[in-house]
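Participant: Sequence first, then the predicted structure, then my questions.
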Amino acid sequence: MASNQATQDQDDLDTAILRSKRRPNRLIADEATSDDNSVVSLSQAKMDELQLFKGDTVLLKGKKRRDTVCIVLPDEACPNDRVRMNRCVRNNIRVRLGDIVSVQAMPNVEFGKRIHVLPFDDSIQGLSGNMFETYLKPYFLEAYRPMRKDDMFIVRGGMRAVEFKVMETDPSPYCIVAPETVIHFDGEPCKREEEDSKAEDIGYEDIGGCRKQMAVIKEMVELPLRHPQLFKSIGVKPPRGILLFGPPGTGKTLIARAVANETGAFFFLINGPEIMSKLAGESESNLRKAFEEAEKNSPAIIFIDELDAIAPKREKTHGEVERRIVSQLLTLMDGLKGRSQVIVMAATNRPNSIDPALRRFGRFDREVDIGIPDVAGREEILQIHTKNMKMKDVDLALVASETHGFVGADLAQLCSEAALQQIRKKMDIIDLEDETIDAEVLASLAVTMDDFKYALTKCNPSALRETQVEVPQVSWEDIGGLQNVKQELQEMVQYPVEFPTSSPSSA
């Protein structure tokens, strides 16, 4: 019993870095009652606790290192643990309803000298007339709205809603738009596709099925980049490198991108085969340039994908170039300055083919196995892939239990195949020759459990492809006699697979 408790305590310690800390200014995002883009609401008690007054400017911090500035107002109907904000504010700080938002006073926001705003191209199609007079002037007039560079806001007027983006502010990045502020409105409209691609940057919430591995990675990468003084005060050198290994499709590259986005670090991607060059010495030069660039832009993460392609075991390689690249990589990793705040991450699905000199402390300090997810991990991954999918009567827990051996990439393919099957069902009422598709048809599209069942027949787990066999169409009825043997095989092999949740006593 004591050993079980000790194991549980150690598990809690291993994942302690993942637990969000409780603080009075960390609140849950809730839907706003008003639709003002510049206002958030707190309860009066929470405003008193945070020493905020009605009309104060506050800084809101969300996910992926995003923040914005708003005016805070009291709302007696708002619960103490919530902050009410509209969809526009939530999008600016990359949070959804129910996510945690940090709220703090921002007393020294200056009046802006000038700001530059541009509309989105898809929101002004068919509009004519003076857009400044119709939309921007009434929106900013006597409102003293706080603005942040790169924020988006929606203005309603003239029977239409137009979405704008703040391109620049002076002073940057925050200012309050006062009557004296000059509003520039010249330039080409923003392209929606570019903004959508930025909004889809990978974050920790886009990674599922590897909780313990993420805890190790955050300890090894995020702590040294964000708080190097922790290691300095305890008297040890911060980690230098981390090696991710596992089957293809488990999310090794995805994890590296998420860490870079969440820490705000400079990210330098090296694809193993791209380093190679036919010219003598150029391969090592490419590697040196990557490390120099990262040190200039620290804090930085260098990510080497397919490490086994550029750092194989030297005694087994016949090419002189590969040996020189391995030696150069060893030299560069040893030469990283103690306080340079550069972390080297690498990924491979063949860790045993890498030169052993790289796999020691001071180079790749820790090796993390990003393995095939279990049932709970698969359900978590499915929830991530289906969060924007229209579904009807789909049991993701059942889908997760039937996808043994599937990795993240396979589950993404499964969701895509299920959506395609739903579209195939509607092909009778969709005409490919039409310019547009009827809104009713689009509204009727919803992925069902039958679509997922069909997709399961088409998608196979990539990690188990090497061990797949063709199952012959033979049933128990085709075997004569041997009743005792058949019954024993059914009880020992068939039933545990078909009914894993049933206990022997209740069978």
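Facilitator: Happy to help now that I have it.
Participant: Only C-alpha atoms from now on, for both contacts and neighbour counts.
Facilitator: Fine.
Participant: list the contacts for the closest residue to Lys212 other than its chain neighbours?
Facilitator: Excluding the flanking residues, the one nearest Lys212 by C-alpha to C-alpha, 6 or more residues apart in numbering is Thr15, at 6.2 Å. Residues near Thr15 by C-alpha atoms under 8 Å, 6 or more residues apart in numbering: 211-212, 215-216.
Participant: what pLDDT does Thr15 get?
Facilitator: Thr15 carries a pLDDT value of 70.
Participant: ok now stretch 300-319, how far from the chain's centre?
Facilitator: The gap between where stretch 300-319 is centred and where its chain is centred comes out at 27 Å by C-alpha atoms, centre = their mean, to the nearest Å.
Participant: returning to that earlier point: out of the contacts of Thr15, which sit inside strands?
Facilitator: Counting by DSSP state E, the contacts of Thr15 place none of their members in strands.
Participant: Distance of the residue nearest to Lys212 relative to Ile217?
Facilitator: Distance of Thr15 to Ile217, computed by C-alpha to C-alpha, to the nearest Å: 11 Å.
Participant: what residues are shared contacts of those two?
Facilitator: Here Thr15 and Ile217 have no joint contacts, going by C-alpha under 8 Å, 6+ apart.
Participant: returning to that earlier point: any chance of the contacts of Thr15 in TSV, with neighbour count, pLDDT and distance to Gly335 too?
Facilitator: Putting these into TSV (neighbours: other C-alpha atoms under 10 Å; pLDDT from 0 to 100; distance: C-alpha to C-alpha, whole Å) gives the following:
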residue	neighbour count	pLDDT	distance to Gly335
Arg211	13	82	32
Lys212	15	84	31
Ala215	18	84	27
Val216	19	84	24
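Participant: Quickly check those for the two that are furthest apart.
Facilitator: Pairwise distances across the contacts of Thr15 peak at 9.0 Å for Arg211 and Val216 (criterion: C-alpha to C-alpha).
Participant: Dump stretch 203-220 to PDB, restricted to CA.
Facilitator: C-alpha atoms of stretch 203-220 as PDB (Å, rounded to 0.1, in the frame of the first residue of the first chain):
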ATOM      1  CA  GLY A 203      -0.100  25.000 -29.300                       C
ATOM      2  CA  TYR A 204       0.000  22.600 -26.400                       C
ATOM      3  CA  GLU A 205      -3.800  22.100 -26.600                       C
ATOM      4  CA  ASP A 206      -3.300  20.700 -30.100                       C
ATOM      5  CA  ILE A 207      -1.300  17.800 -28.700                       C
ATOM      6  CA  GLY A 208      -3.000  14.800 -27.100                       C
ATOM      7  CA  GLY A 209      -2.100  11.300 -25.900                       C
ATOM      8  CA  CYS A 210       1.300  12.100 -24.400                       C
ATOM      9  CA  ARG A 211       0.800  13.800 -21.000                       C
ATOM     10  CA  LYS A 212       3.900  12.400 -19.300                       C
ATOM     11  CA  GLN A 213       6.200  13.100 -22.300                       C
ATOM     12  CA  MET A 214       4.900  16.700 -22.500                       C
ATOM     13  CA  ALA A 215       5.800  17.200 -18.800                       C
ATOM     14  CA  VAL A 216       9.400  16.000 -19.500                       C
ATOM     15  CA  ILE A 217       9.700  18.200 -22.600                       C
ATOM     16  CA  LYS A 218       8.400  21.300 -20.700                       C
ATOM     17  CA  GLU A 219      10.900  20.700 -17.900                       C
ATOM     18  CA  MET A 220      13.800  20.200 -20.300                       C
END
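Participant: May I see the buried residues of that stretch?
Facilitator: Residues of stretch 203-220 classed as buried by neighbour count (16 or more other C-alpha atoms under 10 Å): 203-204, 206-210, 213-220.
Participant: So Ser41: helix, strand or coil?
Facilitator: Under DSSP: H, G, I helix; E, B strand; the rest coil, Ser41 falls in the strand class.
Participant: Let's test this: mean pLDDT of stretch 492-507, rounded?
Facilitator: Rounded mean pLDDT across stretch 492-507 is 68.
Participant: no wait, stretch 104-121
Facilitator: Averaged across stretch 104-121, the pLDDT comes to 90.
Participant: coming back round to it: and the contacts of Thr15, which is closest to Leu52?
Facilitator: Closest approach between these and Leu52, by C-alpha to C-alpha: Ala215, at 35.0 Å.
Participant: With Pro228 as the reference, measure out to the nearest residue to Pro299 once chain neighbours are set aside.
Facilitator: If the residues on either side of it in the chain are set aside, Pro299 comes closest to Gln341, at 4.9 Å by C-alpha to C-alpha, 6+ apart. Distance, Gln341 to Pro228, using C-alpha to C-alpha: 8 Å.
Participant: tell me which helix or strand of this protein sits lowest on mean pLDDT?
Facilitator: helix 2-14 (a mean of 63; mean pLDDT, DSSP states H and E).
Participant: So which residues make contact with the helix or strand following that one?
Facilitator: Counting by DSSP states H and E, the next helix or strand C-terminal to helix 2-14 is strand 26-31. Contacts with strand 26-31, where a contact means C-alpha under 8 Å, 6+ apart, come from 81-87, 90, 95-103.
Participant: partner strands of strand 26-31, parallel or antiparallel?
Facilitator: Paired neighbours of strand 26-31 in the sheet (DSSP bridges): strand 82-85 (parallel), strand 100-105 (antiparallel).
Participant: Comparing those strands, which stretch has the densest surroundings?
Facilitator: Among these, ranked by average contacts under mean count of other C-alpha atoms under 10 Å, first place goes to strand 82-85 (a mean of 25).
Participant: which outside residues touch the helix or strand immediately after that strand in the chain?
Facilitator: Downstream of strand 82-85, the next assigned helix or strand under DSSP H and E is helix 87-92. For helix 87-92, contacts defined as C-alpha under 8 Å, 6+ apart pick out 29, 31, 37-38, 66-68, 96, 151-154.
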